[in-house]
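S.K.: just coords:
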């Protein structure tokens with residue numbers, strides 16, 4: 001069997017399924033992705049063959065703003081067609097194609113390989129109401145958002161209708177898709193490696209600049225996002241720090257994440273969101289106890305979670321982060337926003353605590369309570385890890401389900 005994987009930021013959500021099939025002698029696995037992203041990809045199975053396309057040119061300035069993302073998606077789809085045609089001419093014809101429809105890679109793949117079974121990752125369908133857009137009054141929606149997002153969804157629509165099967169990571173993310181598609185969407189999470197993301201009370205991390213070593217017995221508050229931005233509640237978390245650090249004079253805060261923008265917009269004045277919040281807060285908190293660690297290698301990131309006393313996870317109603325589930329798997333005490341799809345996983349008082357996204361004072365008090373009650377909250381930490389093992393474990397739950405569904409589809 002031949003397998004083709006399409007993802008502009010490969011491996012993305014396909015890391016584990018790609019590695020599984022690449023390990024089988026009976027399969028040839030080829031992945032197509034954007035060159036600059038493939039150059040950063042690490043830890044891929046050696047049997048996965050990579051094919052890279054250049055970053056598509058920006059849309060023409062004469063193109064209507066609503067259509068500019070679609071124009072770039074078409075260019076991306078045509079680059080994939082070029083590489084797919086080369087594969088076909090060399091004798092590679094996939095039996096199964098797994099792709100992400102969000103950026104255009106899957107637009108025309110059916111025209112190159114019409115007999116292949118096509119499986120798409122249904123991650124998120126944009127909404128003008130009830131999800132991320134318009135959620136935060138600090139960043140109000142614009143009058144034309146409904147028109148803009150409807151056009152933006154066109155890229156996905158053109159691919160979704162061609163698919164033989166669709167997978168969504170959570171029930172809420174599935175519910176964002178049009179009703180006519182939902183019966184075709186299976187809920188299958190990408191999976192969390194609970195054998196890697198696990199508690200380890202012996203872990204110690206050294207903050208060289210501060211001359212501090214932290215371990216399980218210290219008061220450590222953690223916050224993680226791919227990039228520090230409002231979509232993941234970074235602004236609200238920062239606003240909680242003055243009161244939190246005043247309430248807990250021995251606490252230290254570890255913040256993991258970059259200064260780029262993954263979701264939403266950059267500040268209009270060109271600053272990073274980190275700089276915006278530091279400027280807003282001025283000297284309102286003891287900066288010597290707040291440590292910005294940037295982006296970390298995966299092993300270093302897991303060590304941060306292992307020394308965490310309490311982990312804050314905030315998000316708009318949007319895609320659920322792997323980091324929340326990895327924090328739970330690592331035995332963290334979770335204080336998370338009462339937003340979808342967080343509420344699908346965390347039950348207040350059972351495996352974590354939920355707080356109002358828009359109330360940094362409450363967030364600070366709740367984090368402080370978690371630090372004060374750390375020993376009595378051990379059952380919640382254990383329950384958090386068990387939740388991930390039971391529902392999201394890579395090898396015990398998610399990967400077997402993915403494999404079974406794909407094998408059934410391929411006959």
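M.R.: Everything's here; your move. A quick note: this is a predicted structure, and the numbers were derived from the prediction, not measured.

S.K.: which residue ranges form the strands in the stretch 251-400 of the chain?
M.R.: 252-258, 290-294, 310-313, 334-337, 353-355 (DSSP state E, counting those that start in this stretch).

S.K.: tell me the angle of the first one relative to strand 290-294?
M.R.: It stands for strand 252-258. If you take axes from the mean of the first three to the mean of the last three C-alpha atoms, to 10 degrees, strand 252-258 sits at 30 degrees to strand 290-294.

S.K.: before we move on, the earlier item: so which of the strands of the stretch 251-400 of the chain is the most packed in?
M.R.: Highest mean neighbour count among these (mean count of other C-beta atoms under 10 Å): strand 310-313, with a mean of 28. Any C-beta I mention is one placed from the backbone N, CA and C, and that applies to glycine too.

S.K.: for that one, packing partners?
M.R.: strand 220-227, helix 322-329, strand 334-337, helix 360-372 (3 or more C-beta pairs under 8 Å, 6 or more residues apart in numbering; DSSP states H and E).

S.K.: Indicate which one of those is closest to residue 410.
M.R.: Closest of these to residue 410 is helix 322-329, at 26.9 Å (criterion: C-beta to C-beta).

S.K.: after the helix ranked longest in the chain comes which helix or strand?
M.R.: In the chain, assigned by DSSP state H, the helix with the most residues is helix 68-89. Moving toward the C-terminus from helix 68-89, the next helix or strand (DSSP states H and E) is strand 96-99.

S.K.: For burial, what's the neighbour tally of residue 52?
M.R.: Neighbours of residue 52 under the rule other C-beta atoms under 10 Å: 16.

S.K.: list the contacts for it?
M.R.: Applying C-beta atoms under 8 Å, 6 or more residues apart in numbering to residue 52 gives the contacts 32-35, 38-39.

S.K.: From those, list the buried ones, please.
M.R.: Among the contacts of residue 52, those scoring as buried are 32-34, 38 (criterion: 16 or more other C-beta atoms under 10 Å).

S.K.: and the residues you listed, which of them are in helices?
M.R.: Short answer: these in helices (DSSP H) are residue 38.

S.K.: Relative to residue 78, which of the buried ones among the contacts of residue 52 is nearest.
M.R.: residue 32 (12.4 Å).

S.K.: would you turn the helices and strands packed on strand 310-313 into CSV with distance to residue 95?
M.R.: Formatted as CSV, those follow (distance: least, C-beta to C-beta, whole Å):
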stretch, distance to residue 95
strand 220-227, 33
helix 322-329, 29
strand 334-337, 41
helix 360-372, 50
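
S.K.: Looking at those, which is nearest to residue 96?
M.R.: Using C-beta to C-beta, those put helix 322-329 closest to residue 96, at 24.3 Å.

S.K.: Before we move on, what's the pLDDT of the nearest residue to residue 142 once chain neighbours are set aside?
M.R.: The shortest distance from residue 142 to any non-neighbouring residue, by C-beta to C-beta, 6 or more residues apart in numbering, is to residue 148 (7.8 Å). With respect to pLDDT, residue 148 has a value of 94.

S.K.: Tell me the predicted confidence for the residue nearest in space to the middle of the chain.
M.R.: Most central in the chain under C-alpha atoms, centre = their mean is residue 321, positioned 4.0 Å from the mean C-alpha point. The score at residue 321 is 98. That number is its pLDDT.

S.K.: just residue 209 next, same as before
M.R.: The model's pLDDT for residue 209 equals 89.

S.K.: swap in the one 3 residues further on?
M.R.: Reading off the per-residue confidence, residue 212 sits at a pLDDT of 95.

S.K.: try the one 3 residues further on
M.R.: With respect to pLDDT, residue 215 has a value of 97.

S.K.: now do residue 26
M.R.: On the pLDDT scale, residue 26 is placed at 88.

S.K.: how about the nearest residue to it, chain neighbours excluded?
M.R.: Residue 26 sits nearest to residue 1 (C-beta to C-beta, 6+ apart), 6.4 Å away.

S.K.: burial of the one you found, as a residue count?
M.R.: Other residues near residue 1 number 13, with proximity taken as other C-beta under 10 Å.

S.K.: Repeat that for residue 151.
M.R.: When counting by other C-beta under 10 Å, one arrives at 17 neighbours for residue 151.

S.K.: Quick check, residue 162 in contact with residue 119.
M.R.: No: assessed by C-beta atoms under 8 Å, residue 162 is found out of contact with residue 119, at 11.0 Å.

S.K.: Next up, the contacts around residue 332.
M.R.: Applying C-beta under 8 Å, 6+ apart to residue 332 gives the contacts 222, 305, 308, 310-311, 381, 384.

S.K.: Next one: it from residue 304, what distance?
M.R.: Distance, residue 332 to residue 304, by C-beta to C-beta, to the nearest Å: 10 Å.
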